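[1] just to be clear, the model below is a prediction. Sequence and coordinates:
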Amino acid sequence: MTASLEEKMDAATDPGASEIPTFTVTLRIERYNPELDTESHYEDYTITVHGTDRVLDALHKIKWDIDGSLTFRRSCAHGVCGSDAMRINGKNRLACKTLIKDVSPDKPITVEPIKGLPVEKDLLVDMEPFFDSYREIMPFLVAHGQEPSRERVQSQADRERFDDTTKCILCAACTSSCPVFWADGQYFGPAAIVNAHRFIFDSRDDAGDKRLEILNDKEGVWRCRTVFNCTEACPRGIEVTKAIAEVKRAIITRRL
């Protein structure tokens with residue numbers, strides 16, 4: 001009797017299994033080549049994968065064994081660099097952290113570039129608009145005094161105040177999941193605000209008021225509609241919407 005797909009996938013996580021099972025899966029990838037296409041289209045690729053494979057492994061197999069022209073961005077392949085954010089079955093995810101068995105492999109798995117940023121080719125988007133916003137909020141410590149004689153001391157409680165927003169890996173999953181960003185490319189976006197939060201609430205930093213002034217712009221924090229897409233999309237589990245709300249509150253309280 002032939003094992004079902006579910007049984008094969010369950011066996012993949014069984015420490016007593018003698019070998020990793022394989023199964024067939026179809027990836028439906030949005031393709032776009034600016035030298036050949038006037039608009040994007042979808043192409044299907046059916047491949048054999050292992051139960052422990054991630055979507056990134058499947059993309060590698062397609063690129064290396066089937067179609068070398070497939071273009072996407074990746075680097076560390078371990079969820080640290082943030083390079084391989086893409087839409088998988090309609091949700092922003094990191095391809096290197098998404099197991100194929102977890103995204104309904106019995107049906108075609110749709111893979112598309114993240115939204116809101118210009119597509120350069122296939123799954124590769126132009127990240128410059130994203131990083132322009134990031135650079136504008138001054139993503140670095142601005143501190144005066146105690147240099148260079150000693151370190152800038154900080155209590156554990158003060159460090160805990162902004163611990164969550166230090167986890168950002170600049171993958172753009174949150175920003176490109178935001179409907180306001182889709183409609184208005186001038187909006188700073190959740191990632192820029194999260195990284196501003198990281199320094200605004202750092203007790204060692206002296207430029208918090210400057211960052212709040214920057215974000216108190218018509219394209220700043222007030223454009224957020226609290227949809228929570230960003231929090232859901234974050235692969236690092238950052239409470240993005242909460243951080244944006246705290247920045248809004250800081251603008252109001254510091255002005256008063």
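    In hand now; what should we look at?
[2] the helices in the stretch 1-150 of the chain, which residues?
    Assigned by DSSP state H, counting those that start in this stretch, the helices in the stretch 1-150 of the chain fall at 5-12, 55-65, 128-136.
[3] let's have the ones you listed in JSON lines, adding mean pLDDT.
    Below are the helices of the stretch 1-150 of the chain laid out as JSON lines (pLDDT from 0 to 100):
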{"stretch": "helix 5-12", "mean pLDDT": "57"}
{"stretch": "helix 55-65", "mean pLDDT": "98"}
{"stretch": "helix 128-136", "mean pLDDT": "97"}
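[4] in a markdown table, list these along with mean neighbour count and distance to Ser104.
    Any C-beta I mention is one placed from the backbone N, CA and C, and that applies to glycine too. Shown next, in a markdown table, are those (neighbours: other CB atoms under 10 Å; distance: least, CB to CB, whole Å):
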| stretch | mean neighbour count | distance to Ser104 |
| --- | --- | --- |
| helix 5-12 | 16 | 10 |
| helix 55-65 | 18 | 12 |
| helix 128-136 | 17 | 29 |
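[5] would JSON lines of those with distance to Phe228 be doable?
    What follows is the helices of the stretch 1-150 of the chain, written out as JSON lines (distance: least, CB to CB, whole Å):
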{"stretch": "helix 5-12", "distance to Phe228": "30"}
{"stretch": "helix 55-65", "distance to Phe228": "24"}
{"stretch": "helix 128-136", "distance to Phe228": "20"}
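[6] poorly predicted segments of the protein, please.
    By pLDDT under 70, the low-scoring segments of the chain are 1-18, 256.
[7] which residues in it form strands?
    For the chain, the strands defined by DSSP state E cover 22-31, 41-50, 85-88, 91-94, 109-112, 119-121, 124-125.
[8] contacting residues around the fifth one?
    Outside of strand 109-112, the residues that reach it under the criterion CB atoms under 8 Å, 6 or more residues apart in numbering are 25-30, 42, 55, 58-59, 86-90, 95, 100, 103, 123.
[9] who does that strand pair up with?
    Next to strand 109-112 in the sheet, as set by DSSP bridges, lie strand 22-31 (parallel), strand 85-88 (antiparallel).
[10] now swap in the shortest one and tell me
    As defined by DSSP bridges, the strand partners of strand 124-125 come to strand 119-121 (antiparallel).
[11] give me the contact list for the strand it pairs with.
    32-34, 40, 71, 113, 125-126.
[12] redo that, cut-off 6 Å
    Here strand 119-121 makes contact (CB atoms under 6 Å, 6 or more residues apart in numbering) with 32-33, 71, 113, 125-126.
[13] so what's the most centrally placed residue in the chain up against?
    The chain has Ala173 as the residue nearest its centroid, 2.8 Å off, counting by CA atoms, centre = their mean. Going by CB under 6 Å, 6+ apart, Ala173 touches 85, 92, 233, 235.
[14] which of those are buried?
    85, 92, 233, 235 (16 or more other CB atoms under 10 Å).
[15] what's the neighbour count on the residue nearest to Leu99 when sequence neighbours are not counted?
    Residue nearest to Leu99 in three dimensions, not counting chain neighbours: Arg54, with 5.6 Å by CB to CB, 6 or more residues apart in numbering. Neighbour count for Arg54, taken as other CB atoms under 10 Å: 24.
[16] and what of Glu35?
    5.
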